[in-house]
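J.: sequence and predicted structure below; questions after.
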Amino acid sequence: GAGVSQSPSNKVTEKGKDVELRCDPISGHTALYWYRQSLGQGLEFLIYFQGNSAPDKSGLPSDRFSAERTGGSVSTLTIQRTQQEDSAVYLCASSLPVYNEQFFGPGTRLTVL
Amino acid sequence: SQKIEQNSEALNIQEGKTATLTCNYTNYSPAYLQWYRQDPGRGPVFLLLIRENEKEKRKERLKVTFDTTLKQSLFHITASQPADSATYLCALEDGTASKLTFGTGTRLQVTL
């Protein structure tokens, strides 16, 4: 079946603009995660959705970052007033709730000029 | 919060040898631990999961051990091949049974 998809694959924006990144998880996966990976760095957790529960936003670095998950499926990560330090690869993953093997999308490479 | 250390940024070994990668953690012992492989420009891919009550897990040429006393997991690739060259990440359940905390990874390079 189809894996996790993300769009766009690349996004170049100017400092101060807003961007939206999209994630389509694997059908039936109730858990969805967003991570950020800077060049040569590990994965930085951003936000976690599980079913209809309130999302765990503990990893969001500032109030410029927000995310939604509509209908328990597609998720959008929004970064407002982008800064150069927001440049990174943004990865989305989905999983079933038990044991939590995560399936990752290919990522969106965000470049803020 | 959990701190994870993976033994080195890079590991170079010769084809056919066994690669051993280390993942050390502090604080609490996770209920389970996972290993992922990441190739350049791609998202991580799940390899193995090992639970706290399991000492060892195998899958083909891969073997993972989990020592909760030492707070350490070892990841072995036997008979390594150039195609095994990638970054390997360990990830620990964060105590909530719902999220993972990832290490920064070890880049493995297998040469002929």
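T.: Done, it's in. Computed from a predicted structure; not experimentally measured.
J.: got the contact list for the single nearest residue of chain A relative to chain B?
T.: Residue of chain A nearest chain B, by C-beta to the nearest C-beta: A:Phe104 (3.0 Å). In this view, the C-beta of every residue, glycine as well, is placed from N, C-alpha and C. By C-beta atoms under 8 Å, 6 or more residues apart in numbering or on different chains, A:Phe104 lies in contact with A:4, A:91-93, B:43-45.
J.: how does it look with 7 Å?
T.: A:4, A:91, A:93, B:43-44 (C-beta atoms under 7 Å, 6 or more residues apart in numbering or on different chains).
J.: so what's the residue count around the residue lying closest to it once chain neighbours are set aside?
T.: The shortest distance from A:Phe104 to any non-neighbouring residue, by C-beta to C-beta, 6 or more residues apart in numbering or on different chains, is to B:Gly43 (3.0 Å). The local packing of B:Gly43 (other C-beta atoms under 10 Å in any protein chain shown) involves 23 other residues.
J.: got the buried residues for the lowest-mean-pLDDT helix or strand in chain A?
T.: The helix or strand of chain A with the lowest confidence, counting by mean pLDDT, DSSP states H and E, is strand A:43-50 at a mean of 93. When burial is assessed from 16 or more other C-beta atoms under 10 Å in any protein chain shown, strand A:43-50 yields the following buried residues: A:43-50.
J.: tell me the one among these nearest to B:Leu108.
T.: A:Leu43 (17.5 Å; C-beta to C-beta).
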